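[1] give me the fold of what follows.
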Amino acid sequence: MPRVMGMVSPDRTGPFPNHMNRAQITEKMKELLTKQPHLNADVTAVNESTKLDEIGFDSISILDFMYDVEAQFGIETEVADLVKFETVKDMLDYLQSKLSA
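    Model prediction:
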């Protein structure tokens with residue numbers, strides 16, 4: 001089945017509970033970033049003020065990364081929301097709001 005933005009498993013149970021705190025979300029995001037072969041940033045140097053383009057994200061790679069995020073966290077994301085991300089903080093804020101919803 002092709003990956004479609006906004007599609008997660010029918011039971012909506014990802015491997016992570018919806019009550020993760022920001023530090024846990026940040027750590028998991030860094031783990032996911034290390035698995036992205038097309039990115040050119042030292043993940044240990046990434047912080048909330050890091051701009052996504054400094055990490056190496058472009059319009060295609062951010063979508064691919066967010067598919068992985070959806071799968072790992074058991075959430076749905078909207079493309080219209082993704083284009084608003086400029087920094088890691090924007091992404092973390094979004095994720096935290098999705099996980100607490």
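[2] okay, now the unreliable bits of this protein?
    1-18 (pLDDT under 70).
[3] in the biggest helix by length in the chain, what's buried?
    Longest helix of the chain, by residue count under DSSP state H: helix 59-73. Of all the residues in helix 59-73, those buried under the rule 16 or more other CB atoms under 10 Å are 61, 62, 65, 66, 67, 69, 70, 71, 73. C-beta: built from backbone N, CA, C; applies to glycine.
[4] of all the residues you listed, which comes closest to residue 49?
    Lowest distance from residue 49 to those (CB to CB) belongs to residue 62, with 17.6 Å.
[5] who's in contact with the closest one?
    Residue 62 makes contact with 52, 82, 85 under the criterion CB atoms under 8 Å, 6 or more residues apart in numbering.
[6] restricted to helices, list the residues you listed.
    52, 82.
[7] for the contacts of residue 62, which single residue is the most surrounded?
    The residue in these with the most neighbours, by other CB atoms under 10 Å, is residue 52 (21 neighbours).
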